[in-house]
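**Q** Have a look; sequence and predicted model below, questions after that.
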Amino acid sequence: MAKRGVRWLLAMGVGFATGACKDDDGGGAAEAGTTGGGDGSSGDPSVAESSGDSLATADGESSTGDGPTEVEWVFEDVYGVINVDDDDENGSADWLQVIFDGEDDHSVIPLPALPPGHSARLELAGDLEHIRIWRGPTSISVGAGDGEFFETDEFTPESDGSELWVEFGADNVAGSLILTHLDADGTAVESAEIVLRSSPLILNHHLQPTEHVWVVEVNAGYGSNADMIADYADALGNLFTAVPGPQYGGDVWIQDEFQFAFATGSQGQRADTVIDSIRDRELDPWAEQAIEGPGTNVRTWGVPNQATTWDAFGNLENSPPVTVDGVEYPFGRVYYGRQGTLGMHSQLATKLQEQGVQAPIEMDTMWLCVGHVDEFSTFVPDPSAPKGFRFVISDVPAAWAVLEDVSSSTALTRYGADHGYPTVRSLLEDTALRNLNDDLQADELDPILAQAIAEFGLEEADIIRLPSLFESISGCGGGVASLVPGMVNLIVAPLETETHLFIADPYFRTDLDDQSSDPFIAAFNDLLPDTLIPHYVDDWDVYHLALGEVHCGTNMTQTPTENWWEVGLHLL
Amino acid sequence: MTKASTSILFLVAGLIAVPGCAGGVDDGEAPRSAAIVGAGADDDPAAAAAPAAVRDWRPWVAAELDRLRVERAAYVDEVMNLPVRATRAGFPRITGPIVRDRDAAPILIHRLLTAGESAEVRAAIVDALPRTEGDFSAAVAELITTETDERVRELLSSALARAQAPFALEGLAVGLTDASPRVRAEAVRSLGRRTDGASLATGLVTALGDGDVVVQQEAARALGNLEVRSAADALVGALASPDADLRRHSLRALSRVDPERARTLPQLQTLRSDPDPKVARLAHELARP
């Protein structure tokens, strides 16, 4: 514990004087750091206690002779948000500054007016490094200073009441504040203990409403995604923005570079975080240039020069709310590819584990060339489903069934050159391809489905088996990627009255312009809930041939729908 | 890739000289189906249109370039300057409508030989050749013998999966003996994908004892795909490998090469309790009546 220091504030050129604050307490306060005396209430039967949202009140007898004054010494617990964005856009994170006009990420504890001569004592415990409480825009009461931590403070609130401002400097940190009403003699009249906790960093899931969607627009020698862009714009209108590809080196993999996450607070705060991958390809600056600002910060976990393909965020997904073995996960469970020491960087994996509410699941994605969980699985909303959603997983036998149900002489206009399969027959007769896919089903997809059933708490009725075929990728060490464009790699965009799906057009047909003749589209439509509006978009040249699909090339923000302090505290 | 008649396969088996492999099918049985050559199945219009590969490829490339510079000058420039692009996995590729053109093949080969590109770009050029559906077979088969960069040779080995016989087998025979395990593994994979791959069965069995475990794994898979019955004993031997993936691929390959032997294998009981769940699951499946 340190004595109250002002080094940090002085360094910021703020005219904060500790002594002046001390004077406010009428001289009744002991020196900070020496006033603790336990929890401020224990061992003193005369002190009434209240905690959190309790309605306890106490009558204080003023030693100044002003007669009894009733003070309602009741406070709500504080569930706030991290304050590392830059609301004043001065280039410095708000946590490193004093509270300024326009700052909106702190939480407020209103203090009632006290009788003349009375004061308030604050005792903070918990993560002092990442919590601080202000009693004025420039006056730290307790908590984190500049490398120093203050546990206690005493002061006299304004005659018409005061406010304490609670600020958090990290995700998912907790503390407790004991607020004690002291009479003029410094005797405790009543104490209240308040829980202080910052929001965990929470990843969105596919059932949350769409706020905005982005795709990188390109038109280069390898192809154009103009049609896909148009499909998005038609369906989503002003909720969609095309990112100019030439500004970002034609890096179309916007899913991989960023992961949107959020924090919310019980006083209406919302602090968004863009988790910026250590992948660091051409799109790396986009979030700072286009997204970062008041209310949104950009942060990174991991070491860029240690980046692997598993650090791209097609390899970071989240289920809808699930209940597993009686434990409710109202924000779903995060899942990503990692096996032993291979996979997502351990710093980010640890960070996600530490958030508690989304209990991450590690899956085996080592069999894939790219190695991302979005290559074989997703979730789609379905109000008619037992859990309100369906888990979609790639399925090889379902694909063979599709192939065997169409004429083997069907010409596959797009598959001859790019995949070496000009007809359905050429696929069916390729023993190596059949063996490869059957083996993948047995060795990889079946165990993954079993794991998903166990760790997402799924039942058979929750599962959609999506026809899918994979192929070995040249020069990828035996790793595979989608042969038929990966329809599972889709985007779910729930709007107010309808939900759109953007799915790779499989082009498993002769007439490229006739989607109604495509047996893979027909098969998926049969499996999809009627409430969803599928858009089969052309991702062949820009994405599919570069080993990705629609989800890989799209990113989106979504609206939080649940309050973690109401539904998620059991996980923290 | 096209399917062809078995008569051409036997022609290949007779012609090919495979260094270190003695050539040909060594187990006295024909592969299951047709070999990969220029002619296609009757109902396969795309394959039927594919011309036979040219062996004397250098003058052919020069002649094609001369023709294209007259007939499609802008296209030649376009292909020569087409940039690589990063795949989602990170390595570069050349893809798209411009290379889905048989005329792209000689231009890309010309670019490969003359443009002074980096190894990364040359690898991407090689990777793009099959997507042209043009003639690259003899060029790739020869270049794998002279290419100095490991990554480029790896992609050459991969491209040979879609090359025409006999060039493909000539090149892959070289790939099997490459100094780089990555190249050897890719050559094995390519053979396993070719219906005429059993022509190099001896080389594949040798690869099952390779010093690199990935090459061994791929060899097991290829032998299974090609149903090389003479590899059964070697596959049984590989079941004792300390590498779980090799045990799994060998067991599965054995089930394809000789299903009855796999079902009655004495080791199956032990493998059902294998510490690797994938091996144990497969052994359990095979043991089921």
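**A** Cool, the structure landed.
**Q** burial of residue B:109, as a residue count?
**A** 26 (other Cβ atoms under 10 Å in any protein chain shown). C-beta here means a position set from N, CA and C on the backbone, and glycine is covered the same way.
**Q** Contacts only, for it.
**A** B:57, B:61, B:129, B:136, B:139 (Cβ atoms under 8 Å, 6 or more residues apart in numbering or on different chains).
**Q** if you skip the residues just before and after it, what's nearest to the third one?
**A** What that stands for is residue B:129. The shortest distance from residue B:129 to any non-neighbouring residue, by Cβ to Cβ, 6 or more residues apart in numbering or on different chains, is to residue B:136 (4.1 Å).
**Q** From residue A:281, how far off is the closest residue to residue B:82 other than its chain neighbours?
**A** Using Cβ to Cβ, 6+ apart and skipping the chain neighbours, the partner closest in space to residue B:82 is residue A:221 (4.8 Å). Separation of residue A:221 from residue A:281 (Cβ to Cβ, to the nearest Å) stands at 19 Å.
**Q** What of residue B:156?
**A** Counting by Cβ to Cβ - residue B:156 and residue A:281 are separated by 27 Å.
**Q** hang on, the earlier thing: will you turn the contacts of residue B:109 into a markdown table that also has distance to residue A:100, secondary structure and pLDDT?
**A** Shown next, in a markdown table, are those (distance: Cβ to Cβ, whole Å; DSSP: H, G, I helix; E, B strand; the rest coil; pLDDT from 0 to 100):
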| residue | distance to residue A:100 | secondary structure | pLDDT |
| --- | --- | --- | --- |
| B:57 | 72 | helix | 96 |
| B:61 | 69 | helix | 98 |
| B:129 | 62 | helix | 98 |
| B:136 | 66 | coil | 97 |
| B:139 | 68 | helix | 98 |
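**Q** and which of those residues is nearest chain A?
**A** residue B:129 (10.3 Å; Cβ to the nearest Cβ).
**Q** so who does that closest one touch?
**A** So residue B:129 contacts B:105, B:108, B:109, B:136, B:140, B:159 (Cβ under 8 Å, 6+ apart).
**Q** Scan those residues and report the most crowded one.
**A** Neighbour tally across these (other Cβ under 10 Å): the maximum, 32 neighbours, falls on residue B:136.
**Q** tell me the strands in the stretch 151-289 of chain B, going along the chain?
**A** For the stretch 151-289 of chain B, strands defined by DSSP state E, counting those that start in this stretch do not occur.
**Q** Name the residues of it found near chain A, please.
**A** Contacts of the stretch 151-289 of chain B with chain A, taken as Cβ under 8 Å from any Cβ of the partner chain, map to B:151, B:154-155, B:158-159, B:162, B:182, B:185-186, B:189, B:192-193, B:195, B:214, B:217-218, B:221, B:224-225, B:248, B:252, B:256, B:277-278, B:281-282, B:285.
**Q** in a helix, that's where residue A:474 is, yeah?
**A** No. Residue A:474 is assigned coil when assessed by DSSP: H, G, I helix; E, B strand; the rest coil, not a helix.
**Q** Could you report the neighbour count for it?
**A** Neighbours of residue A:474 (other Cβ under 10 Å): 24.
**Q** That one reaches residue B:155, doesn't it?
**A** Yes. In terms of Cβ atoms under 8 Å, residue A:474 counts as a neighbour of residue B:155; the distance is 6.0 Å.
**Q** joint contacts of the two?
**A** Common neighbours of residue A:474 and residue B:155 (Cβ under 8 Å, 6+ apart) are B:127, B:186.
**Q** need the contact list for the single nearest residue of the stretch 151-289 of chain B relative to chain A.
**A** Closest contact between the stretch 151-289 of chain B and chain A, by Cβ to the nearest Cβ, is at residue B:158 (3.7 Å). Listed by Cβ under 8 Å, 6+ apart, the contact set of residue B:158 reads A:474, A:475, B:126, B:127, B:186, B:189, B:190.
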